[in-house]
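> With the input below, show me the fold.
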Amino acid sequence: MEFYWFLVLVVRYGYLLGFFAVFLDIMGRRAFLMPLAGSVRMPYGQFVLFDGLGAFFWSSLFIATGYLLGNQAGVFGERLHRGVIFLGSPAGHCVYRLPGDEILEASSPRGRPVHATFAWGAVAPRVCPVCRRGPDEARVRMNAPLILTTIPGAQLEALETQAERLAFWINTYNALVIEGIAALEIRQSVWEVPHFFARISCCIGDLTFNADEIEHGVLRGNRPNPLSGADTFRAGDPRTKYVISPMDPRVHFAISCGARSCPPIRTYDPRELDQQLDDATRAFVNQEIRLEGGRLTGSELLKWFREDFEDFPGGLAGFLARYLEDGPVRRAVVERGVTGMAWRPYDWSLQLPAPPADGGVK
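Residues are numbered from 1 along each chain as shown. Coordinates of the predicted model:
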């Protein structure tokens with residue numbers, strides 16, 4: 001549509017007025033989009049990609065116009081475009097370098113550091129000193145990463161069994177979610193805060209993990225986020241040594257995102273982990289898989305992470321059949337599978353237990 005009006009201006013009033021209109025359009029948008037993208041912390045790679053596509057579009061536009069209206073018009077338009085890039089780029093790049101990229105220390109509404117204590121014997125973590133910025137900025141700056149806890153690296157290295165490591169990461173994830181909701185004063189849903197799961201983080205030794213990285217990188221065996229498609233740990237990332245492999249699909253029913261449709265939070269003990277995971281899975285599956293009007297329905301969580309159940313004998317249907325109680329629902333799953341299952345919308349409204357008075361997760 002914009003190109004149409006541009007041609008109308010050129011035909012009726014001459015190419016100079018047409019190019020003047022394009023100049024105003026570019027100056028009104030592109031020169032301010034770069035600083036704006038930086039101020040909201042758009043990933044730099046994504047910004048460069050979109051910026052490149054925009055540059056290609058405008059260059060193509062001016063070249064085509066020059067071909068139709070004469071070489072001088074095309075040369076003029078291309079020079080104008082490059083001039084705007086020259087003026088706009090420094091501003092956008094400077095915004096990307098502002099101190100706001102520094103990691104913040106999270107604090108509670110009372111101004112004290114938020115940290116978690118894990119019930120099965122972890123040392124109470126302290127706030128990472130290198131991440132300190134100020135007592136109240138975590139609630140004001142809505143785009144900076146939040147370091148909620150710091151745990152000595154030796155504590156993680158001392159975990160010897162798969163059960164100990166799995167329980168540690170499940171408890172760490174759940175603690176981050178609870179403390180993140182408290183620190184950011186979330187009232188209705190975690191979607192109140194942009195990129196909530198990518199922001200709430202913990203320091204373990206010299207490494208930092210956010211909630212997304214714990215879920216998809218560690219607990220899910222370093223698989224992409226099914227909602228965003230984003231990769232987690234790339235080759236050479238030192239955090240890959242902590243990836244749990246093979247993944248246990250029951251972790252989906254042990255971690256909670258703080259929503260009503262999520263599994264309830266509990267503390268997991270490595271000495272009883274297998275039974276606890278079975279209990280959590282059985283409770284979730286029997287609550288969420290239903291027969292409604294003769295049709296099987298289930299939580300969208302199972303739809304999003306369906307691939308995580310493919311290694312189980314029979315895939316997702318076989319997994320559900322194992323944990324469903326005998327009855328009409330289980331028989332329907334065994335007979336029909338999950339191909340025609342309807343997925344109920346996920347309820348993201350907040351439902352979490354209140355953090356203890358001392359700020360820790362018990």
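> Could you use CA atoms for every contact and neighbour count after this?
OK.
> pLDDT value on Glu78, please?
Looking at Glu78, its pLDDT stands at 43.
> again but with Ile85, I slipped
Predicted confidence (pLDDT) for Ile85: 42.
> What's the end-to-end length of stretch 226-241?
22 Å (C-alpha to C-alpha, to the nearest Å).
> Now that stretch: average pLDDT?
89.
> How about it, which residues are buried there?
232-233, 239-240 (16 or more other C-alpha atoms under 10 Å).
> residue ranges with poor pLDDT in the stretch 151-300 of the chain?
Across the stretch 151-300 of the chain, nothing is flagged by pLDDT under 70.
> mind redoing it with 90?
194, 225-231 (pLDDT under 90).
> which residues in it form strands?
Here the stretch 151-300 of the chain has its strands, by DSSP state E, counting those that start in this stretch, at 200-204, 207-210, 290-292, 295-299.
> Pipe those into JSON lines and attach mean neighbour count and distance to Tyr323 per row.
Shown next, in JSON lines, are the strands of the stretch 151-300 of the chain (neighbours: other C-alpha atoms under 10 Å; distance: least, C-alpha to C-alpha, whole Å):
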{"stretch": "strand 200-204", "mean neighbour count": "24", "distance to Tyr323": "32"}
{"stretch": "strand 207-210", "mean neighbour count": "17", "distance to Tyr323": "31"}
{"stretch": "strand 290-292", "mean neighbour count": "16", "distance to Tyr323": "13"}
{"stretch": "strand 295-299", "mean neighbour count": "19", "distance to Tyr323": "14"}
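> out of the ones you listed, nearest to Thr339?
When the strands of the stretch 151-300 of the chain are compared by C-alpha to C-alpha, strand 295-299 sits nearest Thr339, at 9.7 Å.
> May I see the buried residues of the next helix or strand after the closest one?
For strand 295-299, the succeeding helix or strand toward the C-terminus, using DSSP states H and E, is helix 300-304. By 16+ other C-alpha under 10 Å, the buried positions in helix 300-304 come out as 300-303.
> which one is Gly315 nearest to, not counting chain neighbours?
Phe309 (5.3 Å; C-alpha to C-alpha, 6 or more residues apart in numbering).
> what does Tyr268 give?
Distance criterion C-alpha to C-alpha, 6+ apart; nearest residue to Tyr268, sequence neighbours excluded, is Ala167 at 5.5 Å.
> ok now do that neighbour, which residues does it touch?
Contacts here follow C-alpha atoms under 8 Å, 6 or more residues apart in numbering; on that basis Ala167 touches 268-270, 273.
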